[in-house]
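**Student:** coords please:
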Amino acid sequence: MNAKQVAGAFLGVIFKVVIWIIIIMIVYKYAIYGYSFGFQVFSDRPVATAATGVTVNVPIVEGKSNMEIACLLKEKGLIKDANVFYVQLLLSDYKDKIRPGIYDFSTTMTAEEMIKLMAEDPEEAEEEEK
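**Tutor:** Modelled structure (predicted):
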């Protein structure tokens with residue numbers, strides 16, 4: 001073997017090692033993102049504590065998609081991530097039961113509580129309160 005062949009083999013090995021390091025870093029990054037996203041979906045934590053909670057009035061109009069509702073709630077500061085709320089809504093029993101109306105949400109409410117409130121029949125809610 002001459003010096004050119006040795007240098008070529010050495011550079012080939014270094015190139016392969018660099019490619020593998022990049023692949024491992026990408027897999028690690030997306031694994032961390034996936035874990036974080038899944039944790040947010042299933043932990044269902046409110047945006048604020050009881051001491052710092054604020055009530056926000058949110059109008060939901062007929063024909064809004066679930067993602068549009070999620071973006072509206074994010075805009076109003078009621079949730080941290082619209083994509084997380086969207087997945088929570090899809091996984092809930094209420095995904096196709098959201099009703100139009102004007103809702104008073106609190107920043108201390110969880111996503112599940114907001115979804116349930118938007119899906120509840122107003123007459124049933126009144127009966128439960130009695």
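**Student:** In contact with Arg99: list those residues for me.
**Tutor:** Ile60, Met118, Ala119, Glu120, Asp121 (Cβ atoms under 8 Å, 6 or more residues apart in numbering). The way it works is simple: take the backbone N, C-alpha and C, and place the C-beta from them, glycine included.
**Student:** among those, which ones are buried?
**Tutor:** Ile60, Met118, Ala119 (16 or more other Cβ atoms under 10 Å).
**Student:** For Leu90, see how far away the residue nearest to the spatial centre of the chain is.
**Tutor:** In the chain, the centroid-proximal residue (Cα atoms, centre = their mean) is Val84; its distance is 1.2 Å. Using Cβ to Cβ, to the nearest Å, one obtains 11 Å as the distance from Val84 to Leu90.
**Student:** residue ranges with poor pLDDT in the protein?
**Tutor:** Within the chain, the ranges that satisfy pLDDT under 70 run 1, 122-130.
**Student:** ok, which stretches of the chain are strands?
**Tutor:** Ranges of strands in the chain, per DSSP state E, are 55-60, 101-106.
**Student:** got any residues that touch both of Val84 and Leu90?
**Tutor:** Counting by Cβ under 8 Å, 6+ apart, nothing touches both Val84 and Leu90.
**Student:** list the contacts for Val54?
**Tutor:** Ala48, Gly77, Ser106, Thr107.
**Student:** repeat that for 6 Å
**Tutor:** Thr107 (Cβ atoms under 6 Å, 6 or more residues apart in numbering).
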